[in-house]
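**Q** Show me the folded form of this:
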Amino acid sequence: MPIIVNLDVIMAKRKMSLNQLSEKVDLTLSNLSVLKTGKAKAVRFSTLEAICKALDCQPGDILEYKKEEANNL
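**A** This next block holds a predicted model:
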């Protein structure tokens, strides 16, 4: 998937655990874990806004687009 989730990187820079972030954004640990591991298929803007507010960052700090390379056969 060409969208990379850097939530773990930003959390580490802010020295915030998943438990702490879960409490601040009022999301379950399992939902945040799915997002953090890049397994989420979608994210609500309200969730993204709450995470950015809690981590004092921009959406682009959390989400990154990486162009897929074409397979040369």
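
**Q** Give me the contact list for the host helix or strand of G60.
**A** Counting by DSSP states H and E, the element that carries G60 is helix 59-62. Outside helix 59-62, the residues that touch it by CB atoms under 8 Å, 6 or more residues apart in numbering are V5, N6, L7, I10, L48, I51, C52, L55. Backbone N, C-alpha and C define where each C-beta goes, glycine included.

**Q** Among those, which are located in strands?
**A** Within those, membership in strands is found for V5, as judged by DSSP state E.

**Q** Would you mark the buried spots in the helix holding G60?
**A** Taking 16 or more other CB atoms under 10 Å as the basis for neighbour counts, the residues of helix 59-62 that come out buried are D61, I62.

**Q** and it, average pLDDT?
**A** Per-residue pLDDT over helix 59-62 has a mean of 96.

**Q** Which helix or strand lies directly C-terminal to it?
**A** Later in the chain than helix 59-62, the nearest helix or strand by DSSP H and E is strand 63-65.

**Q** who does that next one touch, helix- and strand-wise?
**A** Contact analysis of strand 63-65 by 3 or more CB pairs under 8 Å, 6 or more residues apart in numbering; DSSP states H and E lists strand 3-5 as its packing neighbours.
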